[in-house]
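Chemist: Next come a sequence and a model predicted from it.
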Amino acid sequence: MHAISLERKHALHSVAATRTLEAAAAAGLPAHTLMRRAGAATARLALALAPHARHVWIACGRGNNGGDGLEAALCLHLAGRAVSVTWLGEPDAAPADARAAWQRASEAGVVFAPGPPTDLGPGDLCIDALLGIGLSASALPGGGPPRHAPSGALQELLQALRTSQAMVLAVDVPSGLDADTGQYADGFAPDSIPMAPRHTLSLLTLKPGLFTAQGRDACGSVWLDDLGCGALAPRATAQLGTEHPVNARPQAPHASHKGSFGDVAVVGGEGLAARGMGMTGAAWLAARAALHGGAGRVMVALLDEGATTAPPWPELMLRRVDALDWPQLTAVCGCGGGEAVRAVLPAALARAPRLVLDADGLNAVAGDGALARALRARADAGLASILTPHPLEAARLLQCTTAQVQANRLAAAQALAGRYACTVVLKGSGSVTASPGELPVINARGNARLATAGTGDVLAGLIGARLAQGLTPHQAASSAVQAHGAAADHWPAHQALTASALAAALQ
Ligand SMILES: NC(=O)C1=CN([C@@H]2O[C@H](COP(=O)(O)OP(=O)(O)OC[C@H]3O[C@@H](n4cnc5c(N)ncnc54)[C@H](OP(=O)(O)O)[C@@H]3O)[C@@H](O)[C@H]2O)[C@@H](O)CC1
Ligand SMILES: Nc1ncnc2c1ncn2[C@@H]1O[C@H](COP(=O)(O)OP(=O)(O)O)[C@@H](O)[C@H]1O
Ligand SMILES: [K+]
């Protein structure tokens, strides 16, 4: 068992892949072995997390997730801990593994109670073994009419886990969360983020939904125990994090010059005169991030007719769009681009060998079939493209709703990558980078301090810098997303995180 470090990459497996592994592992082991291992692992982690708990309360559901909880109760009881269990199951209706666990726990004298002890305090521990990967998919948003609604008893136990002052350890997955998508099933989403610390012990595999959408808030710290079956794991569904260098310009040769690190041109920043909304700041932010991200030369082509302002940073060079030498550039197109960016896109799509398309550049493609076809054609011409939509922009590109994108972020990013034959970064908590033929990467770095205007422009600039320095689109995008998130994670608590400061902090 180990805590999941975000400093290195990890394989992620869908529920279906985990079920395949579970079946293969169970076939080679005596009956009930996996559940006993799961219970023992849960008990070990419980003892490590709350060594001084006066009481451990375990909420167990009717299925095998509840069976893991019963096995954990037995181990903790045998270790001399004060344990009580609330079990929603019945021996006659329980699956075989869970029934055996109930029998062993009962015979050993584990205490069963209708609800949690009334005096659970901050030093105590709750274990959430209500629902695991058997959560019915029909209850998920968009999954059709729900077969289940959470019963009153289940709701009460969930509420007790969420309002308890005691730390909560979730077995396999926080109950009600879909382990594939990170979305709660209907009726399971909490009203607010719980105050007590959360831990999640994922069993057999790490699942993608633990790290994207609602997953990060639901899980807290994530641990993995492969139950001794890691060697049987099937092909990964996705990857958590990346090991590409956080600093994309490590140990450059002495005989380098500024042309060795690529030219980035940021094209965007509609002026105030066009529609009464000045967005030139977005272009400067992307340019500054490209500079700090290690690009050799950074140019800015503002979509601001008649602007004669000097660059706010002298390292940045102003260019008119018609003076851009497209074939030599990595173009970052769309940041603050407004309506004006539409006119520039045909040239950018046709001529830029490396293109990062952000914000209004994406909206223009979503609303114009000719631009969409031009984007799609770039792959056949050997031109590299990266799209960086947030969920609303992704929904426009996929002609669906934001809720549908969020319902399965991994699938949405992969669908976009397939549709446009390019790399896609679907932003938001647990950003997903998907590219045709590559394992998608979920980034679990970053936090809500990034939810401030302009951080997306900074990301686009950083991706551009990495693409200009020769990383593949998938590497450039996934490593930049990780570096952007890591910068936010390391941000001093007492210091405001603004997009400008973030751009300057990048390396
Ligand atoms: N087998 C093994 O080898 C191993 C399995 N392991 C463990 O088993 C877990 C998977 O167990 P599982 O398949 O029994 O599913 P589980 O998560 O307990 O849920 C099923 C229960 O929930 C109910 N239910 C479902 N949806 C619902 C909803 N929306 N609202 C309300 N109720 C809902 C459903 O009701 P039913 O459909 O029966 O009416 C049933 O009672 C896995 O996460 C891991 O912890 C480990 O020990 C490793 C080895
Ligand atoms: N809660 C969050 N957790 C992690 N990352 C976040 C969160 N909120 C925003 N971000 C990140 O911040 C950036 C915001 O980008 P975007 O929505 O395009 O903003 P803007 O257009 O203002 O620049 C994205 O990289 C996104 O993933
Ligand atoms: K659970």
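Modeler: On my side now, so go ahead. Ligands and ions are numbered 1, 2, ... in the order given.
Chemist: all contacts plus neighbour counts: C-alpha atoms, from now on.
Modeler: OK.
Chemist: Flag every buried residue along whichever strand or helix holds residue 72.
Modeler: Per DSSP states H and E: residue 72 is located in helix 64-78. With burial defined by 16 or more other CA atoms under 10 Å, the residues of helix 64-78 counted as buried are 64-77.
Chemist: How about the contacts made by the residue at the greatest distance from the centre of the chain?
Modeler: Distance from the C-alpha centroid of the chain peaks at residue 107, with 43.0 Å (CA atoms, centre = their mean). The contact partners of residue 107, taken as CA atoms under 8 Å, 6 or more residues apart in numbering, number zero.
Chemist: what's the answer for residue 19, then?
Modeler: So residue 19 contacts nothing (CA under 8 Å, 6+ apart).
Chemist: quick one on the thing from earlier: pLDDT and distance to residue 427 added to the buried residues of helix 64-78, as TSV?
Modeler: Formatted as TSV, the buried residues of helix 64-78 follow (pLDDT from 0 to 100; distance: CA to CA, whole Å):
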residue	pLDDT	distance to residue 427
64	98	35
65	98	32
66	98	35
67	98	37
68	98	35
69	98	35
70	98	39
71	98	39
72	98	38
73	98	40
74	98	43
75	98	42
76	98	42
77	98	45
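Chemist: contacts with ligand 1 among those residues, please.
Modeler: 64-66, 68 (CA under 6 Å from any ligand atom).
Chemist: Which of the residues you listed sits closest to residue 312?
Modeler: residue 65 (57.7 Å; CA to CA).
Chemist: Wait, the closest one touches residue 132, no?
Modeler: Yes: counting by CA atoms under 8 Å, residue 65 does reach residue 132; the two are 5.3 Å apart.
Chemist: Need the overlap of contacts for those two.
Modeler: Residues touching both residue 65 and residue 132 (CA under 8 Å, 6+ apart): 171-172.
Chemist: circling back: and the residue farthest from the centre of the chain, how far from residue 101?
Modeler: Distance of residue 107 to residue 101, computed by CA to CA, to the nearest Å: 10 Å.
Chemist: Domains of the protein: list them as residue ranges, please.
Modeler: Domain assignment of the chain by automatic domain parsing yields the ranges 2-236, 259-385+445-505.
Chemist: Ligand 2 is nearest to which of these?
Modeler: domain 259-385+445-505 (3.1 Å; CA to the nearest ligand atom).
Chemist: per-residue confidence averaged over that closest one?
Modeler: Averaged over domain 259-385+445-505, pLDDT sits at 94.
Chemist: same question, stretch 212-223
Modeler: Averaged over stretch 212-223, pLDDT sits at 96.
Chemist: what about that stretch, near ligand 3?
Modeler: No: Stretch 212-223 lies apart from ligand 3 when judged by CA under 5 Å from the ion; the minimum separation is 10.1 Å.
Chemist: Show me what counts as buried in that stretch.
Modeler: Per 16+ other CA under 10 Å, stretch 212-223 contains these buried residues: 212-223.
Chemist: Can you check the distance spanned by it, start to finish?
Modeler: With CA to CA applied, stretch 212-223 spans 16 Å between its terminal residues.
Chemist: For the residue farthest from the centre of the chain, what is the enclosing helix or strand?
Modeler: Going by DSSP H and E, residue 107 is part of helix 96-108.
Chemist: And the helix or strand following that helix, what does it pack against?
Modeler: Counting by DSSP H and E, the next helix or strand C-terminal to helix 96-108 is strand 111-112. For strand 111-112, the contact count by 3 or more CA pairs under 8 Å, 6 or more residues apart in numbering; DSSP states H and E identifies strand 83-87 as packing neighbours.
Chemist: in the stretch 101-250 of the chain, which spans are strands?
Modeler: 111-112, 125-129, 167-171, 198-203, 221-225, 238-240 (DSSP state E, counting those that start in this stretch).
Chemist: Each with direction, which strands does the first one pair with?
Modeler: The pairing partners recorded for strand 111-112 under DSSP bridges are strand 83-87 (parallel).
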